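Student: Just to be clear, the model below is a prediction. Sequence and coordinates:
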Number of protein chains: 2
Amino acid sequence: MTPARTAAGNAIARGRRGARSAGDERESAILATAERLLRQRAVADVSVDDLARGAGISRPTFYFYFPSKDAVLLTLLDRVTEEADAAAGDVLERLAEDPRARWRELIDRFHETFGAHRAVVLACAQVRGTNAEVRRLWASVLERWVQAIETAIEAERRRGAAPDGVPARDLAIALNSMNERVWYATFAGDGPAVAERDVVDVLLDVWLAAIYRSTAPPPA
Amino acid sequence: MTPARTAAGNAIARGRRGARSAGDERESAILATAERLLRQRAVADVSVDDLARGAGISRPTFYFYFPSKDAVLLTLLDRVTEEADAAAGDVLERLAEDPRARWRELIDRFHETFGAHRAVVLACAQVRGTNAEVRRLWASVLERWVQAIETAIEAERRRGAAPDGVPARDLAIALNSMNERVWYATFAGDGPAVAERDVVDVLLDVWLAAIYRSTAPPPA
DNA sequence: ACGCCAGTCAACACCCTGTCGAGTCCCGTC
DNA sequence: GACGGGACTCGACAGGGTGTTGACTGGCGT
């Protein structure tokens, strides 16, 4: 009776089998309740019971739709990362047009997407410490992004716009890591954080410096 | 009967009052057990009972020494950050001597300290999501480091070694955040991570690029 | 008219946390 | 040499969360 537990990393069927019918709106209700509740309190303070009540069902019934609270989060995270991927589009392929503008566009779009779903992003960051599935999903998403950035850096080096230096992959990891942590602090609002309206500028500045050793990289 | 609950951020008396006597070794035993267990499994999989048994006492007795499992972690974190501060020493004040060497020294010493206590650092990062006290302690520690870096960057700009750019504080936040996240990935070993022997080089490279726009900043 | 299956939930078994109250042991004091 | 108090200890409990089981319902195709 337990819903399909798929290997982490693929978007499909995180909830139940390929169902249709009335149960679908329950599933959506759970997801919506989760995102709403997460906007109000920390993920640890949202119980399965809260999710079930919010969706108008009992706790056991919740388990008909999702194997656990974390699975709900996993589904939500899937959607956010998909949205981010879509927002990023093919910016990286058009880098040479105007590197500074394109990099800014990339960072800005991620910023917008994550900012719009900050509750989900924050909750995932918190759960990542305790839940292996979330950790793996995040790791695989990050790996994709790191590879994309690595490839872009190598292309910029090949066309002579960026100087050689530390391995492109390591640089990509460092920069992605920085963004993740800085956004987390900015959105969470605890501890030292960059103001939300400045964060894209600051991140962009470090990216350009690290990749080009310059604030004004040359276009093609 | 509950041990002194002090405001987060001060190192003293996280355990009990200023006691001496046989209870002290129990307290140490709990701390040692915690660090040992944390080297084996995630913090969520270590229960108060495990800590108590490991220290040769019963669960209720544990609560005589610490108000919670997280309080143990807090004590451990205090020690690690103190050790890191000590290791960093006055490196920042001697920056102008040889900027590249000094920055490297700074990053390297943090790397050594965190690496030596990776279990504690990892556990704290995981708990930070759910525990407000750990979050506050970490935030205050980070704030100190951010301010130190900010001051150093401003000094380098003042002496003409580093160009002006984004606010020094924002830069300091971004760079510290990067280090934190990159070390976490490296020590945790999940997801895209920089190899442990390369991580100092990579971080240093980004720091120098972001601060000086150069790999070879000028000495005094 | 019947069987199946999506959907539902009361009740249960568990596990972990934190607290309470009833101790024991030792040590300084009268 | 008893007595009181503080350090220290733990059995037992209350509470709150999770995940599972088994019985029930209602629609729908045959």
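Tutor: Sure, I can see it. This structure is a prediction, so every number in the text was calculated from the model and none was measured.

Student: Can you spell out which helices and strands pack onto the longest helix along chain A?
Tutor: Longest helix in chain A, counting residues (DSSP state H): helix A:132-158. Under the contact criterion of 3 or more C-beta pairs under 8 Å, 6 or more residues apart in numbering or on different chains; DSSP states H and E, helix A:132-158 touches helix A:69-88, helix A:118-128, helix A:168-188, helix A:199-212. From N, CA and C alone the C-beta is placed, and that goes for glycine too.

Student: just so I know, which of those lies nearest A:R41?
Tutor: Comparison of the helices and strands packed on helix A:132-158 against A:R41 by C-beta to C-beta identifies helix A:118-128 as nearest, at 9.7 Å.

Student: from what I can see A:A209 touches A:T215, true?
Tutor: Yes: counting by C-beta atoms under 8 Å, A:A209 does reach A:T215; the two are 7.1 Å apart.

Student: can you list residues touching both of these two?
Tutor: B:R213 (C-beta atoms under 8 Å, 6 or more residues apart in numbering or on different chains).

Student: of those two, who's got more company?
Tutor: Legend: neighbour count by other C-beta atoms under 10 Å in any protein chain shown for A:A209 and A:T215, higher for A:A209 (24 against 14).

Student: tell me the contacts of the more buried one?
Tutor: Applying C-beta under 8 Å, 6+ apart, the residues near A:A209 are A:T215, B:V206, B:A209, B:A210, B:R213.

Student: now do A:T113
Tutor: Per C-beta under 8 Å, 6+ apart, neighbours of A:T113: A:V80, A:E83, A:A84, A:A87.

Student: what's the answer for A:I107, then?
Tutor: Going by C-beta under 8 Å, 6+ apart, the list of residues near A:I107 reads A:N179, A:V200, A:L203, A:L204, A:W207.

Student: Would you check which of these are in contact with chain B?
Tutor: Within the set of the contacts of A:I107, contact with chain B (C-beta under 8 Å from any C-beta of the partner chain) is found for A:L203.

Student: now the angle between helix A:69-88 and the one helix or strand A:R26 maps to, please.
Tutor: A:R26 belongs to helix A:23-40 when elements are defined using DSSP states H and E. On the basis of axes from the mean of the first three to the mean of the last three C-alpha atoms, to 10 degrees, helix A:23-40 is oriented at 80 degrees to helix A:69-88.

Student: Helix A:23-40 and DNA strand D, are they touching?
Tutor: No: Helix A:23-40 lies apart from DNA strand D when judged by C-beta under 7 Å from any atom of the strand; the minimum separation is 11.4 Å.

Student: Going by neighbour count, list what's buried in that helix.
Tutor: By neighbour count on 16 or more other C-beta atoms under 10 Å in any protein chain shown, the buried set for helix A:23-40 is A:R26, A:E27, A:A29, A:I30, A:L31, A:T33, A:A34, A:E35, A:L37, A:L38.

Student: In these, find the pair that's most separated.
Tutor: Across the buried residues of helix A:23-40 (C-beta to C-beta), the longest gap, 18.5 Å, separates A:R26 and A:L38.

Student: And the most centrally placed residue in chain A, how close does it get to DNA strand C?
Tutor: Closest to where the C-alpha atoms of chain A average out (C-alpha atoms, centre = their mean) is A:T81, at 4.6 Å. Distance, A:T81 to DNA strand C, by C-beta to the nearest atom of the strand, to the nearest Å: 26 Å.

Student: Roughly how far does the residue nearest to that residue when sequence neighbours are not counted sit from DNA strand C?
Tutor: Once flanking residues are discounted, A:T81 sits nearest to A:V141: 4.8 Å by C-beta to C-beta, 6 or more residues apart in numbering or on different chains. Computed with C-beta to the nearest atom of the strand, the distance linking A:V141 and DNA strand C is 29 Å.

Student: Touching, A:V141 and A:V80? I think so.
Tutor: No: using C-beta under 8 Å, A:V141 is not in contact with A:V80; the gap is 9.4 Å.

Student: Could you list the low-pLDDT ranges of chain A?
Tutor: Scanning chain A for pLDDT under 70 picks out the ranges A:1-23.

Student: got the angle for the longest helix of chain A vs helix A:199-212?
Tutor: Using the same axes, to 10 degrees, helix A:132-158 lies at 50 degrees relative to helix A:199-212.

Student: how about helix A:132-158: buried residues?
Tutor: For helix A:132-158, by 16+ other C-beta under 10 Å, it's A:133-139, A:141-142, A:145-146, A:148-150, A:152-153, A:155-157.

Student: Quickly check: it near DNA strand D or not.
Tutor: No: counting by C-beta under 7 Å from any atom of the strand, DNA strand D is not contacted by helix A:132-158; separation bottoms out at 11.1 Å.

Student: That helix vs helix A:118-128, what angle?
Tutor: Using the same axes, to 10 degrees, helix A:132-158 lies at 110 degrees relative to helix A:118-128.

Student: between helix A:132-158 and helix A:168-188, how big is the angle?
Tutor: Going by the same axes, to 10 degrees, helix A:132-158 makes 130 degrees with helix A:168-188.

Student: Work out the gap between helix A:132-158 and the centre of the chain.
Tutor: Distance of helix A:132-158 from the chain centroid (C-alpha atoms, centre = their mean, to the nearest Å) equals 12 Å.

Student: same thing with stretch A:182-195?
Tutor: 16 Å.

Student: ok, now which ones touch the closest residue to A:Q126 other than its chain neighbours?
Tutor: Leaving aside its sequence neighbours, A:Q126 sits nearest to B:G129 (C-beta to C-beta, 6+ apart; 2.9 Å). By C-beta under 8 Å, 6+ apart, B:G129 lies in contact with A:A42, A:V43, A:A44, A:A125, A:Q126, A:V127, A:R128, A:G129, A:T130.
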